[in-house]
Structure formats: structure tokens, C-alpha cells
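>>> 3D model of this:
(2 chains)
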Amino acid sequence: MRIVSIEGSSAIVDAEGVTRKVRTDLLDNPTVGDYVLVHAGMAIAKVNEEEAQATLSLVREHFEK
Amino acid sequence: MRFTDEFRDLKVVEAIASSLKSMADARAVIMEVCGTHTMSIARFGLKSLLPPGVRLVSGPGCPVCVTDQRDIDSFLELGKRPDVILATFGDMLRVPGSRSSLEKMRASGADVRVIYSPMDSLDIARDNPNREVVFFAVGFETTIPATALTLKTALKMGLNNFYVFCVHKTIPEALRALLSNSEVNLHGLLLPGHVSTITGAGAFEFIPREFGIACAVAGFEPVDILLGIESILEQLSNSRPTVANRYRRAVTEESNSRAAELIAEIFRPCSATWRGLGEIPQSGLELSPEYEALDARKRFAQAMANLPPTLPSVCRCGDVLRGVIMPSDCPLFAVRCTPDEPEGPCMVSSEGACAAVFKYGG
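You can find the predicted model right below:
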């Protein structure tokens, strides 16, 4: 889910057009555009885009021969 | 959807699967600790992609499933009081207690509200000042911060009709207990991705060190799970067990310090009873003294002390949660126990091993 707006300790997140309000207390520096994992109304982690890309490139390099 | 589609890409899945097939001699029993992994593995048919000697067994990582029957009965008992509103996650609704379930109680007039976030129960309490609202706090590290924040907010709001019935549990302690007297000879553990976002991968380092078991933290898409299993098999073939982090986009080595602080402020560790695993020291949480007034176990201590004994059941969820039997080994499975007429929680929870096999096949 992607953060589309932030207000205090809450954010509106969007998952393919469905929006919901979540708490951001567990995140360092939540920013509009961040992808986050949400559980029971709280964003529990940001999705690190660079790490995601790194994993995918590694997989391609290692497995797709 | 971003960070979902890429990790479901068939070409990538096939590439990892063909690498797994080349490990044809691999022999291993791997436990997927987390119920969400159990569901994903069943849903995407991932067992069919593994070498023939590699067996996956389910573990204790389904919060509703490991909740002790006595705790469920105690919570249900509170629903008989006309002044009480029970607040629960939907997954708990159809779980059988000894004598009833939340769903059946609701049908016979109890006020049971399904909530998505623990914070929602505060709105219910505020809107019903003459009733007492009790939230059944089920869940692992992933859910605990939300309950902590809810308690903190309730105290700040000065609510005097809101209580938490805390049955939260922590995963590392349960794994230590499980591995210490394992009836199953496990070689690898697929570690829970969401729990690890809170605990950090480092919380599980004692497992390879003390038990020599190969571990991988994994996400929940097919590529994530296959990468985790591949890492475990690789570790086993090199005889170098470690905790590999295969969910780096969400999990770091260290714990989430904000969550750790919040949890330490509101809760303190205590002994907890797990279905299937029994009592495990330091594996549960109780409200710290500052929050005692919001503790349902204290507020309703009398009612719980007078609770009739838990009825014995032939349900074998406990054995499924330890990986001792597969769901289909249970004589009740799909005969006397189905999602419509469940005998135990593993058949009704969206993270239950029996529900996964019933829905998608073994």
C-alpha cells in the first residue's frame, strides 16, 4: 500500500484504488509515496524499493540462466 | 500491484523451481512457522515445486490457533453479561470454545463487534459510555504494537469502560520451547516475515547457534517463499546453518526500535499457555502496573475464577501446531471437522493449517 497523504501520526494509504487510514507511529519519517506493510490498522514497515530491486536482480542473475 | 506482481512472476518462479529441482537429493523437513506462509504455500501449490525429499510442515504461527481454550472460554463467558460488548478480530468469530463460539453467542443475543484495528474498540467504548467494552487482544509481534497504542490512547482519553483481555504471544520464545523438546526432527525453519519486521532477523540467531537449524526469513509471495526454501537447502548442503534474510525489502537485522519502546512501555513479559505447546515462560505479555485498570483479567477476575472447567476435545489442532501430524492425519479432518462445522481453530482461522489443506488440498 502506498501513502497518499499524511496528517500527524496517521496516513491515508491506497491499495489499488481502495484507501484506508492507518497509524504511522512505527515508521521513521513516513513520506507520501512510500510503500508500506499494514497490519491491524498500523503501518508496520516501509517497503525498501532498492532492496526489492536488488533481490529481483539477484534472482535473475542467479537463477535465470 | 507493485512489490506483489514482481514477486509472483511466473518466469521467476519457474527459474527458482528449476534450480530447486536440481537439488534432487535434498532431504529435509522444513517448518513454515507462520500461518500466512501456510496459506500462501497451499494457495500457490508451492509444495509441488520442491524436491521429493523435502517436506514442509506447519508450525505454531497462527495466533487464533495457538490461543488456549481456557482463554477463549473466559472471553466468551464475559459475553454473557448484558453490560458487556466484546470486540474481536473477525478471525476469532467462529473459533469453537468448549461450549459455544462468538458467532453462536452473537446469534443468541450477545453484543459481539468485529473490528479491523484495536483502535476501533475505543470508538465503541466512547459511543457506549454505559457499557463495558472488552477487546480480545490476539496476535504476535505484528499486532502487539497496535494494542499497545490503543491502551496508551485509552489511558490518555480517560476511558473508564474499556478493557483489554491480553492473550498476545511472542514467537522467538515459542520456537525455543518447540525446538527444545521437538517430537519432529526439523532441519529448517521458514521464519515469519511480518513478525520479523518488528523483532528484526537478529531475534532468531539463537536457532542456528543453539539448535543447528537452518533458517530463512521470507516474505509471502511465491518468489519470496521459494527463495527462503532454496536458502535453507543451500545452508543444509553446506552444513552452515544461519539466519538468511530473504525479505530484505521489509526486514532488517535489528528490531523496530519504535515498536520495541512502545511495547516495553505498556507491557511486560509473562508466562503464557499455548494450545499444543503448553505453558511457555516469557512468551506472553501482561499489562504493566500503570495500565492495570484497563486489564480485563483483573476487572473480571471473579467471573473467570468461577468459570466451569474446559471440556476435553478430540480435536488435534495442538498436534498440527507442533508439526507432529499433517491436517489430513487427523481422523476428524473433513469428516467431523469442516469450515462450516469446525471442531478446532485450525479449521476456521484464515491462517489455519487445516483450513489451508481443506481449501486448496494437501
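
>>> going by C-alpha atoms from here, please, whenever you check contacts or count neighbours.
Fine.

>>> how about the residues of the stretch 1-150 of chain B by chain A?
Residues of the stretch 1-150 of chain B lying close to chain A (CA under 8 Å from any CA of the partner chain) are B:1, B:3, B:6, B:12, B:15-16, B:19, B:116-119, B:142-143, B:146.

>>> which ones among those map onto helices?
B:V12, B:A15, B:I16, B:S19, B:A146 (DSSP state H).

>>> below-threshold pLDDT in the chain: ranges please.
No chain in the question, so chain A it is. By pLDDT under 70, the low-scoring segments of chain A are A:65.

>>> chain B was what I was after
By pLDDT under 70, the low-scoring segments of chain B are B:1.

>>> would you map out the domains in it?
If you go by automatic domain parsing, the domain ranges for chain B are B:1-314, B:317-360.

>>> biggest strand in chain B, by residue count?
Determined from DSSP state E, the single longest strand within chain B is strand B:278-287.

>>> that one packs against which elements?
strand B:162-166, helix B:171-180, strand B:267-274 (3 or more CA pairs under 8 Å, 6 or more residues apart in numbering or on different chains; DSSP states H and E).

>>> possible to save the ones you listed as a markdown table with mean neighbour count and distance to A:L58?
What follows is the helices and strands packed on strand B:278-287, written out as a markdown table (neighbours: other CA atoms under 10 Å in any protein chain shown; distance: least, CA to CA, whole Å):
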| stretch | mean neighbour count | distance to A:L58 |
| --- | --- | --- |
| strand B:162-166 | 26 | 42 |
| helix B:171-180 | 19 | 29 |
| strand B:267-274 | 18 | 39 |
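
>>> so which of the ones you listed comes closest to chain A?
strand B:162-166 (15.4 Å; CA to the nearest CA).

>>> tell me how far that closest one is from the chain's mean position?
Centroid displacement of strand B:162-166 relative to its chain, using CA atoms, centre = their mean, to the nearest Å, is 19 Å.

>>> which strands and helices lie in contact with it?
In terms of contacts (3+ CA pairs under 8 Å, 6+ apart), strand B:162-166 is packed against strand B:132-137, strand B:278-287, helix B:296-299.

>>> repeat the analysis, applying 7 Å as the threshold.
Counting contacts by 3 or more CA pairs under 7 Å, 6 or more residues apart in numbering or on different chains; DSSP states H and E, strand B:162-166 packs against strand B:132-137, helix B:296-299.

>>> quick one: closest of these to B:V167.
Of all those, it is strand B:132-137 that lies closest to B:V167, at 5.7 Å by CA to CA.

>>> got a list of contacts for the closest one?
With contact meaning CA atoms under 7 Å, 6 or more residues apart in numbering or on different chains, strand B:132-137 is reached by B:83-88, B:121, B:125, B:147, B:161-168, B:296.

>>> would you map the strands across chain A?
Using DSSP E, strands in chain A cover A:2-7, A:10-15, A:18-23, A:36-39, A:42-46.

>>> same check, this time on the stretch 201-350 of chain B
Ranges of strands in the stretch 201-350 of chain B, per DSSP state E, counting those that start in this stretch, are B:214-218, B:243-245, B:267-274, B:278-287.

>>> dump the residue contacts of residue 40.
Chain wasn't specified; assuming chain A. Counting by CA under 7 Å, 6+ apart, A:A40 makes contact with B:Y116, B:S117, B:P118, B:T143, B:A146.

>>> ah, no, chain B please
Taking CA under 7 Å, 6+ apart, we find B:S40 in contact with B:F220.

>>> so it is in which element?
Here B:S40 is covered by helix B:35-43, with elements defined by DSSP states H and E.

>>> would you mark the buried spots in that helix?
Applying a neighbour-count criterion of 16 or more other CA atoms under 10 Å in any protein chain shown, one finds B:G35, B:T36, B:H37, B:T38, B:M39, B:S40, B:I41, B:A42 buried in helix B:35-43.

>>> chain center to the longest strand of chain B, what's the gap?
On the basis of CA atoms, centre = their mean, strand B:278-287 sits 14 Å off its chain's mean C-alpha point.

>>> please apply the same query to stretch B:104-120.
20 Å.

>>> which other residues reach that stretch?
Defining contact as CA under 7 Å, 6+ apart, one finds that stretch B:104-120 is touched by A:40-41, B:79-80, B:85-90, B:102, B:121, B:146-147, B:150.

>>> buried set for it?
Using 16+ other CA under 10 Å as the test for burial, stretch B:104-120 gives B:M105, B:R106, B:A110, B:D111, B:V112, B:R113, B:V114, B:I115, B:S117, B:P118, B:M119, B:D120.

>>> can you name the residues bridging to the fourth one?
Residues in a beta bridge with B:D111, per DSSP bridges, are B:I85.

>>> now it: how far from A:E51?
46 Å (CA to CA, to the nearest Å).

>>> end to end, how far does stretch A:24-39 reach?
11 Å.

>>> likewise stretch B:344-362?
From its first residue to its last, stretch B:344-362 covers 18 Å (CA to CA).

>>> quick check: the residue of the stretch 1-150 of chain B nearest chain A.
B:S117 (4.5 Å).

>>> which non-adjacent residue is nearest residue 3?
Here I'm looking at chain A. Spatial nearest neighbour of A:I3, excluding adjacent residues (CA to CA, 6 or more residues apart in numbering or on different chains): A:V13 at 4.3 Å.

>>> my bad, the chain I had in mind was chain B
Sequence neighbours aside, A:A52 is the residue nearest to B:F3 in space, at 7.4 Å (criterion: CA to CA, 6+ apart).

>>> what's the neighbour count on that neighbour?
By other CA atoms under 10 Å in any protein chain shown, the residues close to A:A52 number 18.

>>> does it touch B:A250 like I think?
No: applying CA atoms under 7 Å as the test, A:A52 and B:A250 come out as separate, 8.7 Å apart.

>>> just to revisit the earlier point, among the buried residues of stretch B:104-120, which pair sits farthest apart?
By the measure CA to CA, B:M105 and B:M119 form the most distant pair in the buried residues of stretch B:104-120, at 23.4 Å.

>>> turn the helices and strands packed on strand B:278-287 into CSV, including distance to B:S58.
Below are the helices and strands packed on strand B:278-287 laid out as CSV (distance: least, CA to CA, whole Å):
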stretch, distance to B:S58
strand B:162-166, 25
helix B:171-180, 12
strand B:267-274, 15
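
>>> quick one: residues contacting residue 45.
Since no chain was named, I'll use chain A. Per CA under 7 Å, 6+ apart, neighbours of A:A45: A:L27, A:V36, A:L37, B:T197, B:A250.

>>> is it in a bridge, and if so with what?
Residues in beta-bridge contact with A:A45 (DSSP bridges): A:L37.

>>> and B:R268, by the same measure?
Applying DSSP bridges, one finds that B:R268 bridges with B:E286.

>>> ok, now which ones touch it?
Counting by CA under 7 Å, 6+ apart, B:R268 has contacts B:L285, B:E286, B:L287, B:S288.
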